[in-house]
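# I need the structure of the sequence given here:
(chains A, B and C)
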Amino acid sequence: MPELPEVETTCRGIAPFVTGKVISEVIVREHRMRQPIPPQLPRILTGQSVYAVTRRAKYLLLQMDHGHLLLHLGMSGSLRIIDKETPPQRHDHVDIVFDEIALRLRDPRRFGMVLWMEIPPLQHPLLRKLGPEPLGDDFSGEYLYRKSIRRSVAIKQFIMNSHIVVGVGNIYASEALFRAGIRPTRAAGRISEKRYVRLAEAIRSVLDEAIRQGGTTLRDFQQQDGRPGYFAQQLEVYGRQGEPCPACGSPIKAVTIGQRSSFFCTKCQR
DNA sequence: AAATTCTCCTGAAGGC
DNA sequence: TGCCTTCAGGAGAATT
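Got it, this is the predicted structure:
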């Protein structure tokens, strides 16, 4: 499930292969994504050059001659650089073909998105109201504290809210709260600024470490099989219900918050 | 405005 | 062994 580190790793992984290249063909085998892929997309994209590949939140943006192509990987999406003759497998929905290679989108659950935008991407409704990047300069404990005042929502839901801060998915929310010693069920408005400083640093470090690990497996973007190694990161609490806390040995507890599974140590996190 | 619920989909895991 | 059921989850949309 692509979280921000995987999207960032994907961004860095594909950029060298597609930047400066001209699209020769676009093949859409399955148009039923989160939003249907319009039939005219291949015609629109063919002949355009890719100027840059960037990321905002978990959205990938391919800057083209006449607009931007937005890609979202949803729950199960992945992008690979392949030889353009590589036969598609089940769930390989879109190929963006360049000279000898293609950028191939695979997404079994089809929660992903492929969207052509002719306005400045940051003005698009999907991107306009997003909070700061967790690895950027606008994100801090002081910022989180300021936004949390009088908010009763659970802190885990608060940091997963993309209007507050982008890119914190279910796995890393649990991990960051463990590092910060904050119980995921605690009301956002009942946390001190000092603890928010620690939480912001935890979010930053957990995402940064995951990106560093992903960076070691960039070559995987040329392969067809095998998942990139960014799942390799040691997760301290996520999915470890009943296992001993790495800090104190108490059993890790699982609860559901906002219809999402959450994991924490009842002793280390208050 | 804020909080909550619903929805999309299919692979994986668990039960019998 | 195999079939059936349940679950997970990003995030926009709808609802309260």
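# buried stuff in stretch A:149-165?
Buried residues in stretch A:149-165, defined by neighbour count with 16 or more other C-beta atoms under 10 Å: A:151, A:153, A:154, A:155, A:156, A:157, A:158, A:159, A:160, A:161, A:164, A:165. The C-beta positions use only the backbone N, C-alpha and C, and glycine is treated the same way.
# Of all pairs in those, which one is the farthest apart?
Spatial extent of the buried residues of stretch A:149-165 (C-beta to C-beta) is set by the pair A:154 and A:165 at 15.0 Å.
# In a markdown table: the buried residues of stretch A:149-165, plus distance to DNA strand B and pLDDT.
Formatted as a markdown table, these follow (distance: C-beta to the nearest atom of the strand, whole Å; pLDDT from 0 to 100):
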| residue | distance to DNA strand B | pLDDT |
| --- | --- | --- |
| A:151 | 4 | 95 |
| A:153 | 4 | 95 |
| A:154 | 7 | 96 |
| A:155 | 11 | 97 |
| A:156 | 11 | 96 |
| A:157 | 6 | 96 |
| A:158 | 7 | 97 |
| A:159 | 12 | 97 |
| A:160 | 10 | 96 |
| A:161 | 8 | 96 |
| A:164 | 9 | 96 |
| A:165 | 14 | 96 |
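# now, which of those lie within helices?
When DSSP state H defines the helices, the subset of these inside them is A:155, A:156, A:157, A:158, A:159.
# wait, what's in contact with residue A:160?
The neighbourhood of residue A:160, defined by C-beta atoms under 8 Å, 6 or more residues apart in numbering, consists of A:168, A:169, A:170, A:173, A:258, A:260.
# Is there a neighbour count for the residue lying closest to the last one once chain neighbours are set aside? I'd like the number.
In other words, residue A:260. Once flanking residues are discounted, residue A:260 sits nearest to residue A:170: 5.2 Å by C-beta to C-beta, 6 or more residues apart in numbering. By other C-beta atoms under 10 Å, 18 other residues sit near residue A:170.
# just residue A:80 next, same as before
23.
# Next one: the closest residue to residue A:267 other than its chain neighbours relative to residue A:265, how far apart?
The shortest distance from residue A:267 to any non-neighbouring residue, by C-beta to C-beta, 6+ apart, is to residue A:250 (4.4 Å). Distance, residue A:250 to residue A:265, by C-beta to C-beta, to the nearest Å: 6 Å.
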